[in-house]
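Q: what would the 3D arrangement of this be:
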Amino acid sequence: MNLNPIVLSIPVFFLLIGVELIAVRFSHKDLYRFPDAIANLGCGITSQLSGLFLKVLGIGVYELLFEYTALFSLPSNTWWYWLLLFLLADLSYYWAHRMSHEINLFWGGHVVHHQSEEYNLTVALRQSSLQVVWTFAFSLPLATLGFATWDFALMSSFITLYQFWIHTELINKMGWFEWVFNTPSHHRVHHGRDPKYIDKNHAGTLIVWDKLFGTFQEEEERPTYGITKPLNSWNAVWANFSHYATMWDELKTIPRLQDRLKYLVKKPGWLPSYLGGYRPAPAIDKAKYQKYETHPGVRLMTYVFFQYITCVSGTAIFLFSQSSLGLSTKAGIAVLIGWWVVNCGVLLEFRSWARWSEWLRIALYASCGVVMYLNANLTLNQGAIVVSYCLISAIGYYLVKYEK
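A: Purely as a prediction, here's the structure:
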């Protein structure tokens, strides 16, 4: 069984999202849009899937360094060990997070988390599939100091889990708690695309790091959420690669090799002076600002909601059982789930290719179910569940009123 605390917390995440939805309904606040929430959850799913294959960076390299380079044998049964581990892990998170905003190449691995133009608990689950590639090294000094791999992984998970609840607009200022800890108010600033809020409040758990290193900004007026160049898509996979596509296009306009290298490591928005120089975040005219929006009908939203309920359930089962599967099997299942997630997003965008892609996916899932049953990889009941799902999907999709 997968003992990843993040995976184990999935039921709690959805319970709290449900509580927030109820609170939003009673408070008459407009904090959720269905396509946006679906896109956020889709990015969360793809992040967990990619994590199965990239954990060698996040944990494997750490374990290797701990085994061969640890300078001290630290006693893990003491209170100061855990306090020191918490402080150092939170500090390394701060710098990894800050550099993810200040280095263009790293920003491409973090931008996913900031693309939503809403601010609610589903945004906490909107995570990048590639960020670990750029940020895993910031924690490696802890391995050399002698903090055990499992202890670090546990503390890192705690720091991540802490940040779930701060993605809400339903909690205002929190008095003395704000002096030391990261809160919803502090983190709303971090998600703001207003010029004065850009690149502020990078804290994981302790806001004191931002105050100490000069990146703190108090929440004043309500932020405008999102990124300066909106994604304008509900596609979870495109969300992970869109910034790199932009970087590729801009790199082709830079003639000098040294400037291309600078472009990779400078702040997002940087260009050589002969191409216009740094492009700061533009001011926002809130009276004219409009969020990206599509207008799916009730039938389409109902169909996509059914698909997401089954997709999340299937993904959870896969994540809990994947340790017993071979690499090729895990990769194949991950691709099938990724396809599922992408289709749900692009259906809500009315993409011309989405209709045949969804029919093809349903047919393939049904075929896989039959083949697995014939090869004794599924019991009769399990095979019946797969076939029933595909039949319901086919009928439901046929009934969808697919129009803008």
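Q: what mean pLDDT does the helix or strand in which A334 is found get?
A: When secondary structure is defined by DSSP states H and E, A334 falls within helix 327-347. Along helix 327-347, the predicted local confidence has a mean pLDDT of 94.
Q: could you do stretch 231-241 as well?
A: Stretch 231-241 comes out at a mean pLDDT of 96.
Q: would you put the C-alpha positions of it in CSV?
A: The C-alpha coordinates for stretch 231-241 follow below in CSV (Å, rounded to 0.1, in the frame of the first residue of the first chain):
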residue,chain,number,x,y,z
LEU,A,231,-3.7,30.1,-19.7
ASN,A,232,-7.2,30.3,-21.1
SER,A,233,-7.6,26.5,-21.1
TRP,A,234,-9.0,23.7,-18.9
ASN,A,235,-6.5,21.2,-20.2
ALA,A,236,-4.4,19.8,-17.3
VAL,A,237,-1.6,18.6,-19.6
TRP,A,238,-1.3,21.8,-21.6
ALA,A,239,-1.2,23.6,-18.3
ASN,A,240,2.1,21.9,-17.5
PHE,A,241,3.7,22.7,-20.8
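Q: one step back: packing partners of the helix or strand that comes right after the helix holding A334?
A: Following helix 327-347 in sequence order, the next helix or strand is helix 354-374 (DSSP H and E). Applying 3 or more C-beta pairs under 8 Å, 6 or more residues apart in numbering; DSSP states H and E, one finds that helix 354-374 contacts helix 327-347, helix 380-399. Every residue, glycine included, has its C-beta placed from N, CA and C.
Q: winner for burial among those helices?
A: Ranked by mean neighbour count, the helices and strands packed on helix 354-374 are led by helix 327-347 with a mean of 18 (mean count of other C-beta atoms under 10 Å).
Q: who touches it?
A: The contact list for helix 327-347, computed with C-beta atoms under 8 Å, 6 or more residues apart in numbering, reads 35, 38-39, 42, 45-46, 49-50, 52-53, 233-237, 296, 300, 303-304, 307-308, 311, 314-315, 318, 322, 325, 353-354, 357-358, 361, 364-365, 368.
Q: CA atoms only for it, dumped as CSV, please.
A: Provided in CSV are the C-alpha atoms of helix 327-347 (Å, rounded to 0.1, in the frame of the first residue of the first chain):
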residue,chain,number,x,y,z
LEU,A,327,6.9,-0.1,-14.4
SER,A,328,5.3,-0.7,-17.8
THR,A,329,1.9,-1.4,-16.3
LYS,A,330,2.1,1.7,-14.1
ALA,A,331,3.1,3.8,-17.1
GLY,A,332,0.2,2.4,-19.2
ILE,A,333,-2.4,3.1,-16.5
ALA,A,334,-1.0,6.5,-16.0
VAL,A,335,-1.4,7.3,-19.7
LEU,A,336,-5.0,6.1,-19.7
ILE,A,337,-5.8,8.2,-16.6
GLY,A,338,-4.1,11.2,-18.1
TRP,A,339,-6.1,10.8,-21.3
TRP,A,340,-9.3,10.7,-19.1
VAL,A,341,-8.3,13.9,-17.4
VAL,A,342,-7.4,15.8,-20.6
ASN,A,343,-10.7,14.8,-22.3
CYS,A,344,-12.7,16.2,-19.4
GLY,A,345,-11.0,19.5,-19.7
VAL,A,346,-11.1,19.9,-23.5
LEU,A,347,-14.8,18.8,-23.6
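Q: got the buried residues for stretch 146-163?
A: In terms of neighbour count (16 or more other C-beta atoms under 10 Å), stretch 146-163 has its buried residues at 146-149, 151-153, 155-157, 159-161.
Q: one step back: with distance to M372 as added columns, please give the helices and strands packed on helix 354-374 in JSON lines.
A: Shown next, in JSON lines, are the helices and strands packed on helix 354-374 (distance: least, C-beta to C-beta, whole Å):
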{"stretch": "helix 327-347", "distance to M372": "11"}
{"stretch": "helix 380-399", "distance to M372": "7"}
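Q: and Y225, backbone torsions?
A: For Y225, the backbone dihedrals (degrees, to the nearest 10) come out as phi -90, psi 160.
Q: thought it was touching R193?
A: Yes. When contacts are counted by C-beta atoms under 8 Å, Y225 is listed as touching R193 (6.7 Å).
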